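Student: How does the following fold in three dimensions:
(chains A and B)
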Amino acid sequence: MPKKYFLVIPFLFAAGISVAEAEQKDISTSGTVKVGKAGAKKAAVHASASASVPVITGASAPEAATAITPAPAPATSVGKGGADKTTTPVAPASTDQPMFKFSGFGSLGVSHSSLDQGDYVLSDSMPKGVGRSSEWTESNNTRLAAHVAANFTPKVSGILQVDAEYQANGTYSPRVEMANVKYAFIPNFYMRVGRLAIPTFIDSENHDIGYSFAWVNPPVDLYQLSIHSIDGVDATYRSEIGEAVNSIKAMYGNKSTSKDMWGLFDKLEYGQATFHAGYQQRRSSTQNLLTGVTDAWIQNSDLSVGASYDPGDWFAMSEWIQRRSTFKINAMYISTGYRINKFTPYLTYGQIGPGSFLTGYPPPTAAAIERANRAQSTVSLGVRWDFRRNYDFKIQYDQVTLSDNSNGYLINVPPGVILYGSKFHVISAVVDFVF
Amino acid sequence: MFRNSLILPLLVAVATFVASAHAEVVVVVSSKSSVKSLTSEQTTKIFLGKVVTFPNGQTAFPIDQPEGSAIRDEFYSKVVHKNSSQLTAYWAKVIFTGDGRPPKLLADNVAVRKAIAGNPNAIGYIDKSAVNRSVRVVLKP
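Tutor: Residues are numbered from 1 along each chain as shown, chains lettered A, B, ... in the order given. Got it, this is the predicted structure:
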């Protein structure tokens, strides 16, 4: 008992609770002590990811949030004349919200493929998919994520997000998807350090939040190419250009399979239109590429552009990417949807073209040729139904056509089986939620 | 013939009733604010957190009304062109990527009006019937 008690004290201290208050709470129930310990564990995980212990120490004691008084209002918010007796002063909206906000999102879904000689996957890091391994599976469309956002001061904030989804090791074990601390020099210029999402495409940062878009999944022909996150630093500057709002972001970081990644991303929003462009470079591990190149790392670059228009009743969007490695590959999609009350039917066409090998590299291996040729196209037809607050239900039909010399994105195709040029369909149904 | 002559007044009566029951939303700032008028586009950018200032450069603090309230739905459908699920989807993206937080919420028209009257940086939307001299209407959508 005393040992447990000592463990809790430093964390409550860090969370800004007075010792007197802490004693009262902790002695009364041993339950509180347990919470403190769980918090300590989480803090260790987080500290390694982004070196910001206060995020979690505070989060382990949510009471702390209410104990801390909001920062004083900036001078500009004080009225000139002051005394209007009918009015109640209010603190500026940005400073009197709770310091910690817990939320999350998830999806629960199943899919079925008509093809039993290969696995259809939404991410090529998945070891199994739907088709050959199982006729129906939840693994393409199921995920749960917990999110903590912390506002320490008007300038310093942070987020921690843990996702449980089907991943490379074949389990749903949770992993840190994002963990970063943000410092806003001015509201329109900020830097972040930690695990960051890469905005390769318009919906890259939120590719896992089913509730945030109309589709069951972002167009697979294109989005399979994106690298989701990086451990590093970014800086974002937002400005108004006439009626438009422009946001430019520079990024640098590393992850196990990509080194020295840097990127420049721009988003311009004008009325109901959004334009997005990005360029990123990195040294990628050749282990996965099997290009015949003997170096362990090879330079890769992505150029991506996209646009969307969403006046409310309908939307249309399109994106394109060109990746250059030892080969060059292009992918694109175009999608449109129409909103009728709680229903949003949509139609998407996506494709990834054949890879063409660039000169100046050793001749590619057979595996590399297969890897580079993932050419396929997909027609998706689906509907989103917002059946209750914070929930949606979606059903989607995909028709996938493999190119003449490609197995597309299929995995686990048995040796000797040639699926070139085949056509198959996938049906998916999913419930998305946010909380 | 007799029937038809009854239906028309009845329809008018029903229509009038529906119209009066329907909230008429206006966007307001403090009467002490130097902001005189705003467009729907400018208001949208403030409420979606895309800008943090009024067009004159003054800091803007948007104030929302509770989810599910008629006045909120009216404001977001008329001015921002988003229904409640589109709005939730928008904020899910912003919140979970760490880009920002939705505006502060106050309970009703009167609470919003009082808060705005006392803060020249605040902006909110209330029913037209709740407007008094402490606030200025800057947009009638």
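Student: where along the stretch 151-300 of chain A do the strands fall?
Tutor: In the stretch 151-300 of chain A, the strands defined using DSSP state E, counting those that start in this stretch lie at A:156-165, A:175-186, A:189-197, A:229-241, A:244-255, A:258-270, A:273-285, A:297-309.
Student: so which of those strands gets nearest residue A:424?
Tutor: Distance to residue A:424, taken as Cβ to Cβ, is lowest for strand A:156-165 among those, at 24.0 Å. (Glycine included, C-beta is placed from N, CA and C.)
Student: Quick one: list the elements packing against the closest one.
Tutor: Judged by 3 or more Cβ pairs under 8 Å, 6 or more residues apart in numbering or on different chains; DSSP states H and E, the packing partners of strand A:156-165 are helix A:30-50, helix A:54-59, strand A:143-151, strand A:175-186.
Student: returning to what we had before: JSON lines for the strands of the stretch 151-300 of chain A, including mean neighbour count and mean pLDDT?
Tutor: As requested, the strands of the stretch 151-300 of chain A are exported to JSON lines (neighbours: other Cβ atoms under 10 Å in any protein chain shown; pLDDT from 0 to 100):
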{"stretch": "strand A:156-165", "mean neighbour count": "22", "mean pLDDT": "96"}
{"stretch": "strand A:175-186", "mean neighbour count": "19", "mean pLDDT": "96"}
{"stretch": "strand A:189-197", "mean neighbour count": "21", "mean pLDDT": "97"}
{"stretch": "strand A:229-241", "mean neighbour count": "17", "mean pLDDT": "96"}
{"stretch": "strand A:244-255", "mean neighbour count": "17", "mean pLDDT": "97"}
{"stretch": "strand A:258-270", "mean neighbour count": "17", "mean pLDDT": "96"}
{"stretch": "strand A:273-285", "mean neighbour count": "19", "mean pLDDT": "94"}
{"stretch": "strand A:297-309", "mean neighbour count": "18", "mean pLDDT": "94"}
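Student: Need those in JSON lines (columns: distance to residue A:325).
Tutor: Converted to JSON lines, the strands of the stretch 151-300 of chain A look like this (distance: least, Cβ to Cβ, whole Å):
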{"stretch": "strand A:156-165", "distance to residue A:325": "27"}
{"stretch": "strand A:175-186", "distance to residue A:325": "25"}
{"stretch": "strand A:189-197", "distance to residue A:325": "22"}
{"stretch": "strand A:229-241", "distance to residue A:325": "18"}
{"stretch": "strand A:244-255", "distance to residue A:325": "17"}
{"stretch": "strand A:258-270", "distance to residue A:325": "12"}
{"stretch": "strand A:273-285", "distance to residue A:325": "7"}
{"stretch": "strand A:297-309", "distance to residue A:325": "5"}
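Student: ok now do the residue of chain B found nearest chain A, which residues does it touch?
Tutor: Nearest residue of chain B to chain A, counting by Cβ to the nearest Cβ: residue B:81, 3.3 Å away. Listed by Cβ atoms under 8 Å, 6 or more residues apart in numbering or on different chains, the contact partners of residue B:81 are A:272, A:311-313, B:44.
Student: Is it possible to get CSV of those residues that adds distance to residue A:205, neighbour count and pLDDT?
Tutor: Below are these laid out as CSV (distance: Cβ to Cβ, whole Å; neighbours: other Cβ atoms under 10 Å in any protein chain shown; pLDDT from 0 to 100):
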residue, distance to residue A:205, neighbour count, pLDDT
A:272, 20, 14, 94
A:311, 23, 11, 95
A:312, 22, 14, 92
A:313, 25, 11, 95
B:44, 21, 19, 97
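Student: Closest one of these to residue A:321?
Tutor: Within these, distances to residue A:321 taken as Cβ to Cβ reach their minimum at residue A:272, with 23.7 Å.
Student: Return the subset of the contacts of residue B:81 lying in helices.
Tutor: Judged by DSSP state H, the contacts of residue B:81 include residue B:44 as members of helices.
Student: what sits against the closest residue to residue A:200 other than its chain neighbours?
Tutor: Sequence neighbours aside, residue A:226 is the residue nearest to residue A:200 in space, at 4.3 Å (criterion: Cβ to Cβ, 6 or more residues apart in numbering or on different chains). Residues in contact with residue A:226 (Cβ under 8 Å, 6+ apart) are A:198, A:200-201, A:204, A:207.
Student: what's the answer for residue A:207, then?
Tutor: Taking Cβ under 8 Å, 6+ apart as the test, what residue A:207 contacts is A:201, A:218, A:223, A:226, A:228.
Student: ok, now with 7 Å
Tutor: Contact analysis of residue A:207 by Cβ atoms under 7 Å, 6 or more residues apart in numbering or on different chains lists A:218, A:223, A:228.
Student: any idea how far residue B:94 is from it?
Tutor: Computed as Cβ to Cβ, to the nearest Å, the residue A:207 to residue B:94 distance reads 15 Å.
Student: do stretch B:57-73 and chain A meet at all?
Tutor: Yes - if you take Cβ under 7 Å from any Cβ of the partner chain as the test, stretch B:57-73 does meet chain A, through B:59, B:61-63.
Student: now stretch B:103-113
Tutor: Yes - using Cβ under 7 Å from any Cβ, stretch B:103-113 comes into contact with chain A via B:103-104.
Student: As PDB, could you dump the C-alpha coordinates of that stretch?
Tutor: Output in PDB follows, covering the C-alpha atoms of stretch B:103-113 (Å, rounded to 0.1, in the frame of the first residue of the first chain):
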ATOM      1  CA  PRO B 103     -16.000  26.400 -31.200                       C
ATOM      2  CA  LYS B 104     -17.100  26.700 -27.600                       C
ATOM      3  CA  LEU B 105     -20.800  25.800 -26.900                       C
ATOM      4  CA  LEU B 106     -23.300  27.900 -25.000                       C
ATOM      5  CA  ALA B 107     -26.700  26.700 -24.000                       C
ATOM      6  CA  ASP B 108     -29.200  28.900 -25.900                       C
ATOM      7  CA  ASN B 109     -29.900  32.200 -27.700                       C
ATOM      8  CA  VAL B 110     -29.800  34.300 -24.500                       C
ATOM      9  CA  ALA B 111     -26.600  32.800 -23.200                       C
ATOM     10  CA  VAL B 112     -24.900  33.300 -26.600                       C
ATOM     11  CA  ARG B 113     -26.200  36.900 -26.800                       C
END
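Student: Excluding chain neighbours, what is closest to the residue of chain A found nearest chain B?
Tutor: Residue nearest to chain B within chain A (Cβ to the nearest Cβ): residue A:312, separated by 3.3 Å. Counting by Cβ to Cβ, 6+ apart, residue B:81 is the residue found nearest to residue A:312 once chain neighbours are left out, at 3.3 Å.
Student: now swap in residue A:410 and tell me
Tutor: residue A:118 (3.5 Å).
Student: now do residue A:305
Tutor: Nearest residue to residue A:305 in three dimensions, chain neighbours excluded: residue A:277, at 4.8 Å (Cβ to Cβ, 6+ apart).
Student: I'd assumed residue A:307 was in contact with the one you found.
Tutor: No - here residue A:277 does not reach residue A:307: they are 9.5 Å apart, not a contact under Cβ atoms under 7 Å.
Student: What number of neighbouring residues does residue A:136 come out with?
Tutor: Neighbourhood size, residue A:136 [other Cβ atoms under 10 Å in any protein chain shown]: 10.
Student: is it true that it touches residue A:114?
Tutor: No - contact criterion Cβ under 7 Å: residue A:136 and residue A:114 do not qualify, at 11.9 Å.
Student: can you tell me the helix or strand for residue A:429?
Tutor: Here residue A:429 is covered by strand A:423-434, with elements defined by DSSP states H and E.
Student: And the average pLDDT for that strand is what?
Tutor: Mean per-residue pLDDT for strand A:423-434: 98.
Student: That one vs strand A:143-151, what angle?
Tutor: With axes from the mean of the first three to the mean of the last three Cα atoms, to 10 degrees applied, the angle from strand A:423-434 to strand A:143-151 works out at 40 degrees.
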